[in-house]
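Chemist: No sequence on hand, only this structure:
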């Protein structure tokens, strides 16, 4: 990992590395994070610069991967003006174009938590988040010191999807999206990324930040389907090649 750019206004922050913990994405690997503190000083302006050097937030926790012997996590973003949807992505836009989107205050709602719990149970069973309490849900998605928006998507009055996003100086950071897992043939996740890219364009913001991408992780594979995709590697944002984005069929090293 590159060091922090000394030109950026991080002088009021402190950075520490966590102890090792089991990696959530690659089996039999240990992970560590570098954490930026104190949280209350990280406003939209400062977070916009932190995300450009590979950080991300989870609630009030701002971090980036800081593993001892692994560089598999790559921060990625979409340059939205150059985004070229594939045929299947265009179908998703058409399929769900009738969804009604509305911005709501960043507060907890029973219907949102119920959808979140059902989504985790169906899509990510045994991952830990399927056991999140309402307080854990709120800490993860509703605690924020930056410009965070909650977007609710509904269909004929039926809640279908909730998306949390941060509006930054140069783009939007896709924090987390959960949706109805029981609609046959739905492509809510794909539609949501394209919807957020369109919102970037409407706001005149060049990038949609999608968090981390790991080539060997099936959970992350969907991010490689959006092109062109830029990655932050060795302290520089650059476009990832088709070869780099191709699915990894090699066995994982332990």
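Modeler: Structure's in. What do you need? Since the structure is predicted, the reported quantities are computational estimates derived from the model, not experimental observations.
Chemist: What strand or helix carries residue 192?
Modeler: Secondary structure assigned from DSSP states H and E places residue 192 in helix 188-203.
Chemist: Flag every buried residue along that helix.
Modeler: With burial defined by 16 or more other CB atoms under 10 Å, the residues of helix 188-203 counted as buried are 188-197, 199-200. No exception for glycine: its C-beta is placed from N, CA and C like everyone else's.
Chemist: try stretch 89-101
Modeler: Along stretch 89-101, the positions that meet the burial threshold by neighbour count (16+ other CB under 10 Å) are 89, 92, 96, 99.
Chemist: The first one should be in a strand, yeah?
Modeler: No: counting by DSSP: H, G, I helix; E, B strand; the rest coil, residue 89 is not found in a strand; it is helix.
Chemist: who are the neighbours in contact with it?
Modeler: 190, 194, 225-226 (CB atoms under 8 Å, 6 or more residues apart in numbering).
Chemist: all strands of the stretch 151-254 of the chain, in order?
Modeler: Under the criterion DSSP state E, counting those that start in this stretch, the stretch 151-254 of the chain carries strands at the ranges 158-167, 171-179, 207-213, 230-233, 236-239.
Chemist: what about the longest one, average pLDDT?
Modeler: Going back to what we said before, that points to strand 158-167. Averaging pLDDT along strand 158-167 yields 98.
Chemist: helices or strands up against that strand?
Modeler: helix 44-51, helix 110-123, strand 148-155, strand 171-179, helix 188-203 (3 or more CB pairs under 8 Å, 6 or more residues apart in numbering; DSSP states H and E).
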